[in-house]
Structures are given as structure tokens and as C-alpha cells.
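Asker: Dropping a prediction and its sequence here:
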Amino acid sequence: MPGPRHFLEVYDLRREEFVEVIRTAVEFKRSGYPSSSLKGRFIALLFEKPSTRTRVSFTSAISRLGGTFDYLSSNDLQLARGEPVYDVGRVLSRYVDGLVCRVRRHADLLELAENSRVPVINALSDRHHPCQALADLMTVYELKGKFEGVKVAFVGDGNNVATSLMQACALVGADFAIASPRGYWIPEEERRKAERVAEETGAQLTFTEDPEEAVRSADFVYTDVFVSMGFEAESQERMRAFLPRYRVTEQLISKASPEARFMHCMPVKRGEEVEPSVADGPRSVMYDQAENRMHTEAALLHLIYSVWRWI
Ligand code: CP
Ligand code: NVA
């Protein structure tokens, strides 16, 4: 018997499904959530790393949709004492209707999913952050009312957030440009997948080392921390590689479209990847992105359990 579907990366959803999540989220934000979409459903959140937004946006969304949940830090589980990931997947999935997991290694997430009887949702891995990309593209849609002809530029580390944002832009047909220093590019394999998708949707993808080239005529300028969770040992060499050239400053954003907005997944290191006046200025939409995490996750859960019926 084939296993259930999972949401481990953006391309686990088809274009129509990805857009349906965003449309549903816009509707939920405007009119409220259906209070019984998750009635009788129990979701476990399994987190190996800290979280403010993802944890609370998911737990709040689950409660509002009538479901229940448990939050499990990996230290609370036998995982901390070396229980194999496949056993955690096989056992937990007999108790719950879904697993929302934040993991150190994407390979562990794949192993959990392969051994799970219920849908696994990626709440961030070292490779992907697809739930963030849903909220980001919802924010773009709210502000522009369309995806085609919109340009999103990312300046900084070719990390999990950048990878999922690139995949999402290519999927919905928005243009995407990224400027990163050599050695910090989006992994080649992920880039190739997005290029294949972009050929079908007509999205333009640009990869460069030059921040000014990336932001030229961009409608959105996005950045994230230079040192992601799990990369702390590389802090010093990363600061040398990224600073000062890859910081989003007033000067850099002035090279984008005159109406350009600033985006950030948060948490923000003001003064590192972004000038404080940009992060906290009138162009910034980062708090809307953060709010939209809850609306898009609610929409995703509603669709998975009450409409698409993945289980
Ligand atoms: N953006 C995001 O995923 O934030 P948290 O790490 O606080 O969940
Ligand atoms: N790239 C960051 C995102 C945090 C939400 C990290 O992985 O730490």
C-alpha cells in the first residue's frame, strides 16, 4: 500500500494546490477559520531546534480548527538516547494524524516520512522551509494581487529559506533573483529542479554574486540571517564572506523598484543582514509574513484533512 502524501518541500504540492493554500489562507484571514476542520484530529509537533513563529502559528491554527496537539522537543523523546528515527516515525504515526517536524538534517525528515503512516509536514530543515514559502508568497499576493510579472530578490545566504522561496516563485510563475557570495549558493540540485519548473511556468530565475544586479527592478527584497541554526561554528568566516556587501541597506534597496518592499522570515539580526532602518521602516512587511504563517498553515491543514483527504 502506498504511504500518505507529505509536505517536505514546496514541490510536494502541485501548482494548483500551492495556489489553493494561498487563496484559502486569504479567505480565512478575511472571514475566520472553520472551527471543526480538524475535529477529532491529533497532531504531534516534533522540534529539534528552537522556534517562535512556526511552533505557535501551528499550535494556534490547530486549536482554532478544532484539533488538538502535543509539542515534543527532541530532548523529551528517546531520540535523545539514540532511538532510530525510523522507529520514531513508525511508532508516533500509530498515535497521531500528522507530524509537524523541525529537524537538523533533511535526511532525517525523509526517513521519518518514509516510515510514517500519516502526513509529515516540514517545519524547517537545513535544506527547506516550505511553510515559510507559503506565507511569503501569500504576502506577495496580498500586496500585488498576482504572481506573473512580480520579481522577488533574495540577498544573502542560499539557505533553507532561500531555497524554498526560489522553488515557490518558480512554481507560481514569479521572477526570482538571488545574490550570494561564492560558496554560499543554493545547492545545485535544488536550483536545477527549480529551473525545470520555471521553464514550464515562464518564471525568470537569476543567480549572481552581485546584490545590485539581483535587486534591480525587484518588487520585494528579501534577506535572512547569515548564520542559520546549526551553522554557529562557521559564524566568523560567514561574517567575513557576507559583510559588508550582502547587507540590505537603504542604499541597496533604493536600486530596486521605487515601491519595493522588504521581506524577512524572522528572527532578524538587525545590523547584520539588514540595516535597522530598513527592517523597521515603512517598506518592511516582515510582521505580515509572520502573521501569514498562521493563515497559510491553517489553510494547509484544512485542505490536507478536510478537502484533499491525504488520510
Ligand atoms: N520564520 C521562522 O520559521 O521562525 P521560527 O524559527 O521562530 O519558527
Ligand atoms: N535560515 C534560518 C531560518 C530560521 C527561521 C535558520 O535555519 O536558522
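Answerer: Everything's here; your move. Residues are numbered from 1 along each chain as shown. Ligands and ions are numbered 1, 2, ... in the order given.
Asker: Ser257 contacts Arg283, correct?
Answerer: No. In this structure, Ser257 is not within contact of Arg283 by CB atoms under 8 Å, at 10.6 Å. Quick note: C-beta positions are derived from backbone N, CA and C, even for glycine.
Asker: check contacts around the closest residue to ligand 1 within the stretch 151-300 of the chain.
Answerer: Per CB to the nearest ligand atom, Cys265 is where the stretch 151-300 of the chain lies closest to ligand 1, at 4.0 Å. Each residue near Cys265 by CB atoms under 8 Å, 6 or more residues apart in numbering is listed here: His129, Gln132, Asp136, Val161, Asp224, Met286, Gln289.
Asker: Which ones, among those, also lie beside ligand 1?
Answerer: Gln132 (CB under 6 Å from any ligand atom).
Asker: where's the residue nearest the centre of the chain relative to Asn75, distance?
Answerer: Centroid check for the chain by CA atoms, centre = their mean gives Gln132 as the closest residue, at 2.4 Å. Per CB to CB, to the nearest Å, Gln132 is found 24 Å from Asn75.
Asker: and Leu109, how far is that from Asp126?
Answerer: Taking CB to CB, one finds Leu109 at 9 Å from Asp126.
Asker: any shared contact partners between the two?
Answerer: Contact criterion CB under 8 Å, 6+ apart; residues shared by Leu109 and Asp126: Val103.
Asker: Show me which positions of the helix or strand where Ser57 lies end up buried.
Answerer: For Ser57, the host element (DSSP states H and E) is helix 53-64. The neighbour-count check on helix 53-64 (16 or more other CB atoms under 10 Å) flags Arg53, Thr54, Arg55, Ser57, Phe58, Thr59, Ser60, Ala61, Ile62, Arg64 as buried.
Asker: surely the fifth one meets Val100?
Answerer: Read that as Phe58. Yes. The pair Phe58 / Val100 is scored as a contact, 5.5 Å apart, by CB under 8 Å.
Asker: and for these two, which residues touch both?
Answerer: Ile43, Leu45, Ala123.
Asker: rewinding a little: so which two of the contacts of Cys265 are the farthest from each other?
Answerer: Longest distance between any two of these is 14.7 Å, between His129 and Met286; criterion CB to CB.
Asker: who's more crowded, the two?
Answerer: Neighbour count, other CB atoms under 10 Å: between His129 and Met286, His129 has more, with 28 against 19.
Asker: Now do the phi/psi pair for that one.
Answerer: The phi and psi torsions at His129 (degrees, to the nearest 10) take the values phi -140, psi 70.
Asker: which residues touch it?
Answerer: Contacts for His129 (CB under 8 Å, 6+ apart) come out as Asn122, Asn160, Val161, Thr163, Ser164, Cys265.
Asker: how about the residues you listed in a markdown table, adding secondary structure and pLDDT?
Answerer: Below are these laid out as a markdown table (DSSP: H, G, I helix; E, B strand; the rest coil; pLDDT from 0 to 100):
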| residue | secondary structure | pLDDT |
| --- | --- | --- |
| Asn122 | strand | 98 |
| Asn160 | helix | 98 |
| Val161 | helix | 99 |
| Thr163 | helix | 99 |
| Ser164 | helix | 99 |
| Cys265 | coil | 98 |
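Asker: Output those residues in a markdown table, with distance to Ile304 appended to each entry.
Answerer: Formatted as a markdown table, those follow (distance: CB to CB, whole Å):
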| residue | distance to Ile304 |
| --- | --- |
| Asn122 | 13 |
| Asn160 | 22 |
| Val161 | 22 |
| Thr163 | 22 |
| Ser164 | 18 |
| Cys265 | 22 |
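Asker: Can you add distance to ligand 2 and give the residues you listed back as CSV?
Answerer: Converted to CSV, the contacts of His129 look like this (distance: CB to the nearest ligand atom, whole Å):
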residue, distance to ligand 2
Asn122, 12
Asn160, 5
Val161, 5
Thr163, 10
Ser164, 10
Cys265, 5
